[in-house]
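> Just a sequence and a predicted model for now, questions to come.
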Amino acid sequence: MKDILDFTRQDLGEWFENKGIRRFRADQVFKWLHLKLADSFEEMTDLGKALRGELAEHFFLGTLELENMETSVDATKKFLHRLADGEYVESVLIPEKEHYTLCVSTQAGCAMNCKFCLTAKTGFKRNLTMGEIVGQVRDARRFVAQQGIEPLSLSNIVFMGMGEPLANYDNLLRSLGVIFDTDFGMKFSRRKVTVSTSGIAPKIIQLGLDTEVNLAVSLNATDNELRSSLMPVNRTWPIEALLAACKEFEMKPRNKITFEYILMSGVNDSDAHAHDLVRLLSPIRAKVNLIPFNEHPQAPFKRPSRDRINAFLTILLNRNMTAIVRKSKGDDISAACGQLKAARIE
């Protein structure tokens, strides 16, 4: 038996046609799965009993087991999901002023080995399936609905959780198809979904050709020596290759690529680094998210002082660079940027 959440609407349509069943039934099933958030085939009441039985005979409806949920003082919620094979992943539901943002994971663990990231300490386990990726969104929408809030209050998705999204490219792309499906899928606006990458340059170009989505790039250094020491991916695709790919990334004229820059005291936060960052990004339609390092015991880096952060930001703004200091949420429950680890709570 196969998890029906691993099937796109096209996949389901072909399955029904091969069974001699009219293709529109796939649309009905898809709507039950991704809009009505059905937990069983028996809930799909506009399908005949025999058809529901046939679905149950060939498919199961995969669910993520919620192992633990933590709530931050700022109301951010971190979900620890247990997967069918015993692996764990985390997702984070972040309250914003007028909506929720969900931070989604694409891998159990991560192979990128970025020196500032806690996820890297767990090593790489495996890619998540499409069903496990969209399952995080289904579960978050269901959670929001259970709070008495309209499910569409969850309007933004960021692929910034555990793992490198572009290293699980096929399942990422299939998941985006479900998320963007405005007829029978999840109906998210393309303007409100962001994919973050550590810098797999060829896949950046491919992503822009295959779908329309916001791009965020984790940069964190302005020269190859430093970036390679922080992010081993830079040894394969150095800054020059990364920025060349970003220039080729297909996007609408008003859109900009977000460059994430984690500020680490005494490492990459000097005035010279700020000026170099402006020089690197000026040829690109770019905006910068400065992220003061979220300290954790397994990394030697420290958060810069408030004055140093403000000085760095001021240089960018004075050089007409669009930039903000991003306030990390959920730090007290290790849900902030770079802190996801998916350790089982005993």
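Noted; the coordinates are in hand. Residues are numbered from 1 along each chain as shown.
> can you give me the helices for this structure?
With DSSP state H as the criterion, the chain has helices at 9-18, 24-34, 49-58, 130-146, 169-180, 201-210, 224-230, 239-248, 271-281, 306-318.
> And the residue nearest in space to the middle of the chain, how far from Ser196?
In the chain, the centroid-proximal residue (Cα atoms, centre = their mean) is Phe159; its distance is 0.9 Å. As judged by Cβ to Cβ, to the nearest Å, Phe159 and Ser196 stand 6 Å apart. Bear in mind the C-beta positions are built from the backbone N, C-alpha and C, glycine included.
> list the contacts for Val89?
Val89 sits next to 80-81, 83, 105, 107-108, 128, 132, 136, 161-162, 342 when contact means Cβ atoms under 8 Å, 6 or more residues apart in numbering.
> confidence score at it?
pLDDT, Val89: 95.
> Could you give the bridge partners of it?
Under DSSP bridges, the beta-bridge partners of Val89 are His81.
> that older thread, which among the contacts of Val89 end up buried?
Neighbour counting by 16 or more other Cβ atoms under 10 Å classes 80-81, 83, 105, 107-108, 128, 132, 136, 161-162, 342 among the contacts of Val89 as buried.
> returning to that earlier point: tell me, what's touching Phe159 and Ser196 both at once?
Joint contacts of Phe159 and Ser196 (Cβ under 8 Å, 6+ apart) are Pro165.
> The residue nearest to Gln28 when sequence neighbours are not counted: neighbouring residues, count only.
Using Cβ to Cβ, 6 or more residues apart in numbering and skipping the chain neighbours, the partner closest in space to Gln28 is Asp46 (5.9 Å). Per other Cβ atoms under 10 Å, the neighbour tally for Asp46 reads 10.
> and which of the buried ones among the contacts of Val89 is nearest to Val217?
Gly161 (16.3 Å; Cβ to Cβ).
> Pretty sure the closest one sits against Thr106.
Yes - Gly161 lies in contact with Thr106 (Cβ atoms under 8 Å); the separation is 7.0 Å.
> Quick check: which of the helices of the chain is nearest to Val92?
Among the helices of the chain, if distance is taken as Cβ to Cβ, the winner is helix 130-146, at 9.3 Å.
> Could you list every helix and strand that that closest one packs against?
Applying 3 or more Cβ pairs under 8 Å, 6 or more residues apart in numbering; DSSP states H and E, one finds that helix 130-146 contacts helix 24-34, strand 77-82, strand 88-95, strand 100-103, strand 154-159, helix 169-180.
> to the chain's geometric centre, what's the distance from it?
Offset of helix 130-146 from its chain centre (Cα atoms, centre = their mean, to the nearest Å): 13 Å.
> swap in stretch 190-209?
How far stretch 190-209 lies from its chain's middle: 11 Å, per Cα atoms, centre = their mean.
> Can I get it as PDB, trimmed to CA atoms?
Taking C-alpha atoms only, stretch 190-209 is exported to PDB below (Å, rounded to 0.1, in the frame of the first residue of the first chain):
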ATOM      1  CA  ARG A 190       3.000  32.100  -4.500                       C
ATOM      2  CA  ARG A 191       3.900  35.500  -3.100                       C
ATOM      3  CA  LYS A 192       3.800  34.000   0.400                       C
ATOM      4  CA  VAL A 193       5.900  30.900   0.000                       C
ATOM      5  CA  THR A 194       9.700  31.100   0.400                       C
ATOM      6  CA  VAL A 195      12.400  28.500  -0.300                       C
ATOM      7  CA  SER A 196      15.700  29.000   1.500                       C
ATOM      8  CA  THR A 197      19.000  27.400   0.400                       C
ATOM      9  CA  SER A 198      22.500  27.200   1.600                       C
ATOM     10  CA  GLY A 199      23.600  27.700  -2.000                       C
ATOM     11  CA  ILE A 200      23.200  24.800  -4.400                       C
ATOM     12  CA  ALA A 201      23.800  27.100  -7.500                       C
ATOM     13  CA  PRO A 202      22.500  24.800 -10.300                       C
ATOM     14  CA  LYS A 203      19.300  24.100  -8.500                       C
ATOM     15  CA  ILE A 204      18.700  27.800  -7.800                       C
ATOM     16  CA  ILE A 205      18.500  28.400 -11.600                       C
ATOM     17  CA  GLN A 206      16.300  25.300 -12.100                       C
ATOM     18  CA  LEU A 207      13.900  26.300  -9.300                       C
ATOM     19  CA  GLY A 208      13.200  29.600 -11.000                       C
ATOM     20  CA  LEU A 209      12.500  27.800 -14.300                       C
END
